[in-house]
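**Student:** This is a predicted model, with the sequence first.
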Amino acid sequence: MSTELKDRFTEIVDITLYKYNSIDLKLWGIMSRDSGVRKVGDDALLIHAKKLNSFLLKYFRADINRFQSVSDVTIHKEATSIYFLYQSLQTMPNLTWIKCNLNKNSSYNRIVNVDQIKTIKYSIKILRGSLRLFDIFNEYEMELANKILAKCGLLEEDEHYVVIKVKKFLNILDVYLSENNTAELFTILNVMIHTLEPYEPDDPEMYLITDRKSDI
C-alpha cells in the first residue's frame, strides 16, 4: 500500500485481529484495557483513529521501523496487522473510527499464493465514507452535477446532501447514463463513477455532499 496514494473517501473501517497471533492479541489487550476504547460486542471494539495511531507508535515502534526498512518484494516476511493498520492510517487522512473484531479461530494464514507468488491477504472493510463534489468538480461542473442528481431522483429540490449506499448510487447513475448518454453528462457522471468504483465491493454507506456551504 503506497503512502503516496491518499484515500480521502474512507471514514470508518472494519478489521479483524486474531486471538492466536501474538501481535494481534497484544494490540487487542492494549485496546480493551483502555477506557477510551468502546466495547461494541463480546469480541468487538471501536477505537478512534488518533488513539490507534498513538498505540502503534508507543507500543509497536520497532515493528513499524522494521517493515519500513524492507523492500516491497520481501514485505510479506515482515507484514503483520501493525503494518496494515499503520499504512491505513497514513493513506486514509479522513479515517476516524476503526471497528476491531477478535477472531478466535486457531487456523488462519495471511500469506497466500497467487500465480506461485507469495502475497498477503488482509481484509480491511470500508463501512462508511464521504464524497464532497466540490473536491472533484469546479463550480460549473458542480452545478451541473447537482442538476443531474436531482433528475436521477437522488436529491430533492434545494437538498444538498444525501446518505446512500455506494452500490445503489452507482446503479442509479448507470441507469440514468444509459438513458441520457450525452458527452457532457458522460463527463460528469464518469468522474463520480470512477471515483467510487474502488469502494463498490464493500458497498459502504456514503455521505454525499453537493454544496460547499452544506459541508459540516
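**Tutor:** Cool, got the structure.
**Student:** Is Lys58 located within a helix, as I assumed?
**Tutor:** Yes: assignment of Lys58 by DSSP: H, G, I helix; E, B strand; the rest coil places it within a helix.
**Student:** any idea how far it is from Ile64?
**Tutor:** Going from Lys58 to Ile64 by CB to CB, to the nearest Å gives 11 Å. Placement of C-beta: from N, CA and C, glycine included.
**Student:** who's more crowded, those two?
**Tutor:** Between Lys58 and Ile64, Ile64 has the larger neighbour count (other CB atoms under 10 Å), namely 15 against 9.
**Student:** how about low-confidence regions in this structure?
**Tutor:** Applying pLDDT under 70 to the chain flags residues 1-4, 69-79, 109-120, 212-216.
**Student:** what about the strands in it?
**Tutor:** Assigned by DSSP state E, the chain shows strands spanning 10-18, 38-41, 44-48, 97-103, 111-114, 117-120, 124-132, 161-165, 205-209.
**Student:** Phe186: which of these is closest?
**Tutor:** Proximity to Phe186 (CB to CB) singles out strand 124-132 among the strands of the chain, at 18.6 Å.
**Student:** Could I get the phi/psi values of the residue in the chain sticking out farthest from the centre?
**Tutor:** Residue distances from the centre of the chain (CA atoms, centre = their mean) peak at Thr182, which lies 31.9 Å from the mean C-alpha position. With angles defined as degrees, to the nearest 10, Thr182 sits at phi -110, psi 160.
**Student:** For the residue nearest the centre of the chain, name its beta-bridge partners.
**Tutor:** By CA atoms, centre = their mean, the chain has its centre lying nearest to Thr10, at 3.6 Å. Beta-bridge pairing for Thr10 (DSSP bridges): Gly129.
**Student:** From what I see, it and Trp97 are in contact.
**Tutor:** No: between Thr10 and Trp97 there is no contact under CB atoms under 8 Å: 10.4 Å.
**Student:** picking that back up, would CSV of the strands of the chain with distance to Leu149 be doable?
**Tutor:** Below are the strands of the chain laid out as CSV (distance: least, CB to CB, whole Å):
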stretch, distance to Leu149
strand 10-18, 21
strand 38-41, 33
strand 44-48, 32
strand 97-103, 27
strand 111-114, 39
strand 117-120, 38
strand 124-132, 11
strand 161-165, 8
strand 205-209, 8
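**Student:** mind checking which of these is nearest Lys151?
**Tutor:** The nearest among these, by CB to CB, is strand 161-165 at 14.0 Å.
**Student:** Domain map for this protein?
**Tutor:** 10-122, 129-214 (automatic domain parsing).
**Student:** quick revisit: which one of the strands of the chain lies closest to Thr187?
**Tutor:** Of all the strands of the chain, strand 124-132 comes closest under CB to CB, at 17.1 Å.
**Student:** contacting residues around the residue nearest to the centre of the chain?
**Tutor:** The contact partners of Thr10, by CB atoms under 8 Å, 6 or more residues apart in numbering, come to Met92, Asn94, Leu95, Ile126, Arg128, Gly129, Tyr199, Pro204.
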